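> Need coordinates for the following:
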Amino acid sequence: MTAFQDLPPPPDYDEARDRAQRERLMAVWHTPTGWRKFSAVNNEIVGRWYALTAFGFFVFAGILALMIRTQLAVPDNDFLSMELYNQVFTMHGTVMMFLFAVPIFEAVAIMVLPEILGARDLPFPRLSAFGFWCFLIGGVFVCGSILFGAAPAGGWFMYTPLSSDPEQTGIGTDIWLLGLSFIEVASIAAAVELIVGVLKSRPPGMRLNLMPLYCWYVLVVGGMILFAFPPLIAGDLLLEMERAFDWAFFDTERGGDPLLWQHLFWIFGHPEVYIIFLPSVALVATILPTFARRPMVGYSWIVLSAVGIAFLSFGLWVHHMFTTGLPNISLSFFSAASEAVALPTGIQIFCFLATLLMGRSVGSVPMLFTGGALAIFVFGGLTGVMVALVPFDWQAHDSYFVVAHLHYTLIGGMLFPLMAGIWYWYPFATDKTMSERLGRWSFWMMFAGFNIAFLPMHWTGVMGMPRRIWTYAADTGWGPINMVSTVGAFLFAAGFAVFAWDVLRPKRNQPPTRRNPWDAGTMEWAKEVPDKPWGCRSIPLITTRYPLWEQEDIVGQIDRGEWFLPDAQEGKREMIVTDILDGRPIFVQRVSGPTYKTLLAAMFLGACFILATFKLWLAAVLCGAGFTATILWWLWTATARIPEKEEKDCGRGLRLPVYMSGNASVGWWAMFITMVGDMTAFFGLVFAYFFFWTVHPEFPPEGTRSPAFSWLTLGMVLLVAAWVLVAGARRWNGQAKTGRARAALALAGLPALSGLGALAQACLVSGLDPTRHAFDATCWVLVLWLGAHLLAGFVMLGYCVARSWAGILTPRYDADLRNSALYWDFMLATSLLVYALLALFPLLSEGGVA
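Numbering: from 1, shown residues only. So this is what the prediction gives:
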């Protein structure tokens, strides 16, 4: 590789060459039209679909909110029946939290991230498209349930034991559990795409400390999703197993405990508040420097604060459980942690204010929304410090004071910055501008309406009005204040309607906006007008944080194709993959083009979850098989193909390989990140085991035998043998001993499945019945979790054998085998933990091994 300081000068500009290069890029990166548009995987197209769908769900949830406010406007109202009201408030919270707040962040990031990095695309465009289709199908399924009177009615938190009784809550809870688990697949898929994109898709020269702040926030939030969502998936699994098969996880009469659900839910739920908040702070950190006309003050402090918030947010979940009877020492710890999170938040706000004070601020509609966001969020943060204090929380818990606090932090911290971001990036997405007059009208209506709606709720909460109340008597004195809140809510909705009209109104007669209309310094504004489908015309060398301000004529150099990958001579969609730390180019990645396989896979997986909701198990299993087959077809035709040549001339003397495997490749990192999330879900089950162990005087209970030690040990030995064979196959394949590698892969499945059978036998011979006691159920769910993953690993082994026989997996081109071997490394870790819990821990807790 050529050192950056030794790069030869670019060739003289030649118009004919430039035109030919652009034509080849257009042929490769074109966007399908007509019905074929549904096969598109371009980040900008998928990001737009994602954003529009998320806003559609937001409008739906907003209508539900107006129905709630109408019901509560006057005492003794019968606008909604009690049952419908329960469904409406449950769906409002569910849609806002799961179908809007997180997906809109992922939508904007998918659309903007490649351009703000100065890259061609994200590494897995088909994964982004698959995530979108999962999100759309799951969202329509969950939201559509209310039209049939079958919507969930247990609150967006779905507390047990109410939700664990099918007779009490009906099929709505199953729709919530399985529908949201399906939607969480989309969230985790997007998180994997965004994390790998930030780490590996940066342009040459962009070290970590040169990344735009927006990219830092995307990286932090992607990591938080990876650790926050899986525990909820684990909780969903436990609750659905109890509802569908009567396994004893939350039934106190059989050793279960409803508090386990609260722990698993809020381990997800409180970090989610910051998963929602931090992307909006990222928008503020992007917008403020542009309109302050200077770089952000305290770049490093802001990055460290974002990372600090991410860490602290996982230590706050008991903040929501102060009234559940936990020990005082626990309350003190979590109260202190809840207050401590205000420190890194304050650092960011002071950096924003310093940037404004040290710059030359330019007034604009995005700055109006940004200022409104900071004002509302700071007020919400102050009430957050109040409810972090245990004595005050005991008084305000489950009152409308908490409702007001929640909306001040989420709408001030998320929605107003999002409006600013839409205004700011609208010219980027559409080459058009929004109306200044309508923008100011919408802001003041939303700002006034929000405060009129939610500020009085603090008073109704202090006066004793509980949240989730259907109606109330006239003598409570809550009526006039609730009417004011309702008027404010409708004013806020009117302001949003003005904003939505400004976004959606026809602009055919409006001339395209000029390039970089805000005179910003970040790379997304280097895009051409009208927009081209390939992102950067050539991928530049980035040496500063604000290249458009600090690197002379960089836009012209990009346009003239003077940097890397200015052409597509091989007819492939290509991007440069760089080193994680210093942005050193490693190889050229070929990314996938349009396909319907992503839609087909999402449909099969969605059908699997939906059919399971209605207990149609055979049909669900068949759809799961269809999903697996589609994924294998997708991977066979899209990933790690043997290239036509080893190296590619990227321009300016830079020659890079066109194939890499192992930890240099993006596929390896995607597998690693996915399995970290998977292990987090598994640790949710481990948490359940130790939770039961701490709350029961005897665990296992008297008269219950632990899983048979001998069978567990045999199973562990077999699973280690399977791992050894997979590791050996990887080594032998690298040594060109192909036959030995194939044999090892083919044989590895036998000890793996036999080991699974031995683990199951350990539970059977001990007479463990998951419907009898929580200990039995917990042991079985750990074995089933491991078993499901071993079956997936077995499929991977067969896939690698088939690729080897087809001549696609070779000693040189071995990405599939290396990625599968990494999966089996995680399986070994999971197996060892299951063995330690089921075989060793009971012996140690009984005083030692006999």
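
> Please spell out which residues along stretch 68-87 are buried.
Using 16 or more other Cβ atoms under 10 Å as the test for burial, stretch 68-87 gives 68-69, 71-75, 77, 80, 84-87. The way it works is simple: take the backbone N, C-alpha and C, and place the C-beta from them, glycine included.

> I'd like these as JSON lines, with secondary structure and pLDDT appended.
Below are these laid out as JSON lines (DSSP: H, G, I helix; E, B strand; the rest coil; pLDDT from 0 to 100):
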{"residue": "Ile68", "secondary structure": "helix", "pLDDT": "97"}
{"residue": "Arg69", "secondary structure": "helix", "pLDDT": "97"}
{"residue": "Gln71", "secondary structure": "helix", "pLDDT": "97"}
{"residue": "Leu72", "secondary structure": "helix", "pLDDT": "97"}
{"residue": "Ala73", "secondary structure": "coil", "pLDDT": "97"}
{"residue": "Val74", "secondary structure": "coil", "pLDDT": "97"}
{"residue": "Pro75", "secondary structure": "coil", "pLDDT": "97"}
{"residue": "Asn77", "secondary structure": "coil", "pLDDT": "96"}
{"residue": "Leu80", "secondary structure": "coil", "pLDDT": "95"}
{"residue": "Leu84", "secondary structure": "helix", "pLDDT": "96"}
{"residue": "Tyr85", "secondary structure": "helix", "pLDDT": "96"}
{"residue": "Asn86", "secondary structure": "helix", "pLDDT": "95"}
{"residue": "Gln87", "secondary structure": "helix", "pLDDT": "96"}
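
> and those residues as TSV, adding distance to Ala829?
Converted to TSV, those look like this (distance: Cβ to Cβ, whole Å):
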residue	distance to Ala829
Ile68	46
Arg69	50
Gln71	51
Leu72	51
Ala73	56
Val74	59
Pro75	58
Asn77	56
Leu80	50
Leu84	48
Tyr85	47
Asn86	43
Gln87	42
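
> show me where the stretch 51-200 of the chain has helices.
82-94, 102-117, 125-144, 166-169, 171-200 (DSSP state H, counting those that start in this stretch).

> right, so of the ones you listed, which gets closest to Thr383?
helix 82-94 (18.7 Å; Cβ to Cβ).

> Any figure for the gap between the most centrally placed residue in the chain and Val102?
Centroid-nearest residue in the chain, with Cα atoms, centre = their mean: Ser187, separated by 3.5 Å. Distance from Ser187 to Val102, counting by Cβ to Cβ, to the nearest Å: 6 Å.

> anything in contact with each of the two?
When Cβ atoms under 8 Å, 6 or more residues apart in numbering defines a contact, the residues bordering Ser187 and Val102 alike are Ile225.

> so what's Ile539 closest to, chain neighbours aside?
Leaving aside its chain neighbours, Ile539 sits nearest to Phe564 (4.5 Å; criterion: Cβ to Cβ, 6 or more residues apart in numbering).

> so what's the one you found up against?
Pro203, Pro204, Ser538, Ile539, Pro540, Leu541, Ile576, Pro585, Cys650, Gly651, Arg652, Leu654.

> Now the first one: closest residue in space, sequence neighbours ignored.
In this case it means Pro203. Excluding the flanking residues, the one nearest Pro203 by Cβ to Cβ, 6+ apart is Gly118, at 4.2 Å.

> cool, and Val676?
Val676 sits nearest to Leu226 (Cβ to Cβ, 6+ apart), 6.0 Å away.

> what does Phe379 give?
In space, Phe379 is closest to Tyr408, 5.7 Å off (Cβ to Cβ, 6+ apart).

> Kindly report the same for Met603.
With Cβ to Cβ, 6+ apart as the criterion, Met603 has its nearest non-adjacent residue at 6.8 Å, and that residue is Ile137.

> Wait, that neighbour touches Gly606, no?
Yes. Contact criterion Cβ atoms under 8 Å: Ile137 and Gly606 qualify, at 4.0 Å.

> so what's in contact with these two at the same time?
Here Ile137 and Gly606 share the contacting residues Phe182, scored by Cβ under 8 Å, 6+ apart.

> Can you find the helix or strand of this structure with the lowest average pLDDT?
helix 841-845 (a mean of 81; mean pLDDT, DSSP states H and E).

> from the chain's centre, how far out does that helix sit?
Mean-position distance between helix 841-845 and its chain equals 37 Å (Cα atoms, centre = their mean, to the nearest Å).

> same thing with stretch 625-641?
Per Cα atoms, centre = their mean, the centroid offset for stretch 625-641 relative to its chain is 23 Å.

> So what touches that stretch?
For stretch 625-641, contacts defined as Cβ under 8 Å, 6+ apart pick out 126, 590, 592, 595, 597-598, 600-601, 604-605, 607-608, 659, 661, 667, 795, 799, 803, 808, 813, 815-816.

> Quick check: mean pLDDT of that stretch?
Mean per-residue pLDDT for stretch 625-641: 88.

> Next: stretch 280-297.
Taken as a whole, stretch 280-297 has a mean pLDDT of 96.

> okay, now the closest residue to Met241 other than its chain neighbours: neighbour count?
Take Met241 and drop its neighbours on the chain: the residue closest to it by Cβ to Cβ, 6+ apart is Trp247, 4.3 Å away. A count of neighbours around Trp247, defined by other Cβ atoms under 10 Å, yields 26.

> In this structure Trp247 contacts Leu239, no?
No. Using Cβ under 8 Å, Trp247 makes no contact with Leu239, being 9.7 Å away.

> What does the pLDDT read for the closest residue to Gly571 other than its chain neighbours?
In space, Gly571 comes closest to Val28 once its chain neighbours are excluded; the distance is 6.0 Å by Cβ to Cβ, 6+ apart. In the predicted model, Val28 carries a pLDDT score of 90.

> Which of the residues in stretch 830-843 are classified as buried?
Quick answer for stretch 830-843 (16+ other Cβ under 10 Å): Thr830, Ser831, Leu833, Val834, Tyr835, Leu837, Leu838, Ala839, Pro842.

> Please produce TSV containing those, extended by distance to Phe38.
Compiled in TSV, those are given as follows (distance: Cβ to Cβ, whole Å):
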residue	distance to Phe38
Thr830	37
Ser831	41
Leu833	42
Val834	42
Tyr835	47
Leu837	46
Leu838	47
Ala839	51
Pro842	53
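
> Out of those, flag the one nearest to Gly255.
Pro842 (15.3 Å).

> Please report the distance of the closest one from Pro697.
Separation of Pro842 from Pro697 (Cβ to Cβ) stands at 15 Å.

> Same question for Met386.
Applying Cβ to Cβ, the value for Met386 to Pro697 is 38 Å.

> of the two, who's got more company?
Neighbour totals were compared for Met386 and Pro697, and Met386 leads with 14 against 6 (other Cβ under 10 Å).

> could you list every residue that touches that one?
Taking Cβ under 8 Å, 6+ apart, one finds Phe392, Ala396, His405 in contact with Met386.

> ok, now with 6 Å
Going by Cβ atoms under 6 Å, 6 or more residues apart in numbering, Met386 touches Phe392.
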